[in-house]
Every structure is written in C-alpha cells, then in structure tokens.
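**Q** I'd like to go over a predicted model; first the sequence, then the structure.
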Amino acid sequence: MTAITLLRLAGVAHLVSLTAILFAPVQLHWHEELAHLPKLLRQMCNVYNHYTGGTIVALGLVSLLCAPELAAGSSLARAVCAYTAIFWGVRLWLQHYYDFRPHLTTAGLRLGYHALTTLFIAFVAIYGWGALHG
C-alpha cells in the first residue's frame, strides 16, 4: 500500500469517525443533561463539539484531497502530519480521563468505542510517520 493510498484511507476514516461526534450527544442525552447548566456552559459545550467536528472534517478532506502533497514530504506537509498526529495523540491521552464505562451499555457501543480507539492509534501512527519521514 502506498503512502498516498494510506493517507486517502485515513481521510475517509476521519469522515467516518464523525459518527461518534454525531452519535454521542444523542446517546448521552446532551439536550436534557446540559439543560441543567448555565447558558454559557451549554454554549461552550456545543461550540467545542462543533469545533472538534470541523477540525476532523478539515483533516479528513486535506488527507483525502491532498494525499499526494502530504506524501511528498514538504515542510508544510510534515507540519500538517505533525499537527494531525498531535491532535489524535492528545485525544488518546484525554481518553484516560473520560469515564466511558457507564455509557458502554451494549456490545455495539463497546465495539464502537474500541474501534474508534484503534482508529485513533492508527491516525497517530500514520501521521506521525508522515511528520517524521515525509
């Protein structure tokens, strides 16, 4: 598999991973739970969710549409790969602070959680390699 193909697949995987951002608020009953918070905190939660989703869309589209440029290894390409690896690395690190267990009530939810974790590890590896090796 070529680096270009791997980056394009990672781009598609970014867009697929958005299902978690779309599904989590429904599964976690955000509307009802956030209603107990002050308006500013509700707004901040929603903005953070949209901002994160927008970042994932951007990373996915850049990977999908600019894979040859990313694989070419210019300084800019390596910087984009480094940012992407750091983004997902931080996401993995933060996962240790989230208590997902009470919400993983079905086999499907547990499978989805572990699949996303595996995907995040793959993102760190793919983009980390791109950042270091171009």
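**A** The structure has been received and is ready for your questions. Numbering: from 1, shown residues only.
**Q** what residue ranges in the protein score low on pLDDT?
**A** Filtered on pLDDT under 70, the chain yields no residues whatsoever.
**Q** grab the nearest non-local neighbour of the residue most central in space within it.
**A** Nearest residue to the geometric centre of the chain (CA atoms, centre = their mean): Ile56, 5.5 Å. Excluding the flanking residues, the one nearest Ile56 by CB to CB, 6 or more residues apart in numbering is His14, at 5.4 Å. Heads up, the C-betas are built off the backbone N, CA and C, glycines and all.
**Q** pull the residues that contact the helix or strand where that neighbour lies.
**A** Secondary-structure assignment from DSSP states H and E places His14 in helix 3-27. Helix 3-27 is contacted from outside by 30-31, 49, 52-53, 56-57, 59-65, 67-68, 70-71, 103, 109, 112, 116, 119, 122-123, 126-127, 130, using CB atoms under 8 Å, 6 or more residues apart in numbering.
**Q** which strand or helix spans Asp99?
**A** Asp99 is part of no helix or strand when elements are defined by DSSP H and E.
**Q** gap between it and Leu28?
**A** 12 Å (CB to CB, to the nearest Å).
**Q** neighbour count: the two, which is higher?
**A** Leu28 (12 against 6; other CB atoms under 10 Å).
**Q** right, and the more buried one touches His103 too?
**A** Yes - contact status for Leu28 versus His103: in contact at 6.4 Å, counting by CB atoms under 8 Å.
**Q** would you mark the buried spots in the helix or strand harbouring Ala85?
**A** Using DSSP H and E, Ala85 maps to helix 75-95. For helix 75-95, the neighbour count (16 or more other CB atoms under 10 Å) marks 77-78, 80-81, 84-85, 87-89, 91 as buried.
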